[in-house]
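> just to be clear, the model below is a prediction. Sequence and coordinates:
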Amino acid sequence: MRTAKGETLCCRARGKLKEQGQDLVVGDMVRVMRPENGGPVIEAVYPRKSQIHRPSVANVDQVVALMSVADPPLDLVLLDRIIVSVEAEKLGVILCLNKIDLAGAADLEEMQRVQSVYQDCAYRVVISSALSGQGIDTISGYLDGCTTVLAGPSGAGKSTLINQFIPGIDLHVAPVSKKSRRGRHTTREVELIPWGEAGYLVDTPGFQRLDLEGIAVQELPDCFPDITEHAGRCRFDDCLHQAEPDCAVKEALQEGKIAPWRYRNYLAFLQEIRRKEQRF
């Protein structure tokens, strides 16, 4: 762990924490005692102001959802899974569409369409190249004073991006598999990296799948700003925008005010959450 003075301490946790069912995750604020005999000991874990569960990080301010526009190709389902998970925790989210230097004409066309849709949802969207440095200054401007998690699939360029942010840190990177077109895991654990005066970057292992944990059926619409924008005009207050009559969300979809892929992802997530709720 790191202290407020920037020291790095190797600590063990008191046995009572385990007995109390208290787990420790990256980002926890803790109270440490330094007994005369033995090394530093974690005595208590302070209440968390926030927590995300994939990866498990506490006291987060915002998440950068980092996706590549090419190599591997842009995965809009996974992107919306990340966004929904962040929205459910009431955290800030920044969308970073990376590897613009590798994009062909079709990739660029899709990227511009995607950028427009998410900007209309009031998300901050940055187009970047971790290799050329495009967009790096824009992203870094969002990080000061915050604990920021970089989340996304393997191969999207998280470690390369951090290498641009912090020259000399030299995080390991690897090329995308030519056979599967998926990234190779280079980050094996969650790590807090000091940033500026009072911020941290959190480098995380990549993933190809992200389960929607702890989100109820009735909470899901609130995780889609483009759906929430129209939901107030639905006939029923508890409308889930699926088969209900006089649904303003479905009307907005027909009028082109909601992107079809966003609505498809919403319906797929809704069914996924329903199946989970029925199992418990």
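Yep, it's here.

> so which residues of the protein form strands?
Using DSSP state E, the strands of the chain run over 12-13, 30-33, 41-45, 51-53, 56-58, 62-68, 92-98, 124-127, 147-151, 191-195, 199-203.

> and those as a markdown table, adding mean neighbour count?
For every residue, glycine as well, the C-beta is placed using N, CA and C. Formatted as a markdown table, the strands of the chain follow (neighbours: other CB atoms under 10 Å):
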| stretch | mean neighbour count |
| --- | --- |
| strand 12-13 | 13 |
| strand 30-33 | 12 |
| strand 41-45 | 17 |
| strand 51-53 | 17 |
| strand 56-58 | 19 |
| strand 62-68 | 24 |
| strand 92-98 | 23 |
| strand 124-127 | 18 |
| strand 147-151 | 25 |
| strand 191-195 | 16 |
| strand 199-203 | 21 |
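
> mind putting those in JSON lines, distance to residue 221 and mean pLDDT included?
Formatted as JSON lines, the strands of the chain follow (distance: least, CB to CB, whole Å; pLDDT from 0 to 100):
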{"stretch": "strand 12-13", "distance to residue 221": "40", "mean pLDDT": "84"}
{"stretch": "strand 30-33", "distance to residue 221": "37", "mean pLDDT": "89"}
{"stretch": "strand 41-45", "distance to residue 221": "34", "mean pLDDT": "89"}
{"stretch": "strand 51-53", "distance to residue 221": "20", "mean pLDDT": "82"}
{"stretch": "strand 56-58", "distance to residue 221": "26", "mean pLDDT": "86"}
{"stretch": "strand 62-68", "distance to residue 221": "20", "mean pLDDT": "93"}
{"stretch": "strand 92-98", "distance to residue 221": "17", "mean pLDDT": "95"}
{"stretch": "strand 124-127", "distance to residue 221": "22", "mean pLDDT": "96"}
{"stretch": "strand 147-151", "distance to residue 221": "22", "mean pLDDT": "90"}
{"stretch": "strand 191-195", "distance to residue 221": "33", "mean pLDDT": "82"}
{"stretch": "strand 199-203", "distance to residue 221": "29", "mean pLDDT": "85"}
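
> give the contact list for the closest residue to residue 82 other than its chain neighbours.
If the residues on either side of it in the chain are set aside, residue 82 comes closest to residue 65, at 4.4 Å by CB to CB, 6 or more residues apart in numbering. Contacts here follow CB atoms under 8 Å, 6 or more residues apart in numbering; on that basis residue 65 touches 79, 82, 83, 86, 93, 94, 95, 96, 151, 152.

> now stretch 210-228 - C-alpha only, CSV.
Included here for stretch 210-228 are C-alpha records, laid out as CSV according to Å, rounded to 0.1, in the frame of the first residue of the first chain:
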residue,chain,number,x,y,z
LEU,A,210,-18.4,-8.5,-18.6
ASP,A,211,-21.4,-9.7,-16.6
LEU,A,212,-23.9,-7.2,-15.4
GLU,A,213,-23.7,-7.6,-11.6
GLY,A,214,-26.0,-6.0,-9.1
ILE,A,215,-28.3,-4.3,-11.6
ALA,A,216,-32.1,-4.8,-11.3
VAL,A,217,-34.5,-4.9,-14.2
GLN,A,218,-36.1,-1.6,-13.2
GLU,A,219,-32.7,0.0,-12.8
LEU,A,220,-31.5,-0.8,-16.3
PRO,A,221,-33.3,1.9,-18.3
ASP,A,222,-31.6,4.6,-16.1
CYS,A,223,-28.3,3.3,-17.3
PHE,A,224,-29.1,4.3,-20.9
PRO,A,225,-29.3,8.2,-21.1
ASP,A,226,-30.9,8.0,-24.6
ILE,A,227,-33.7,5.8,-23.3
THR,A,228,-34.2,7.9,-20.1
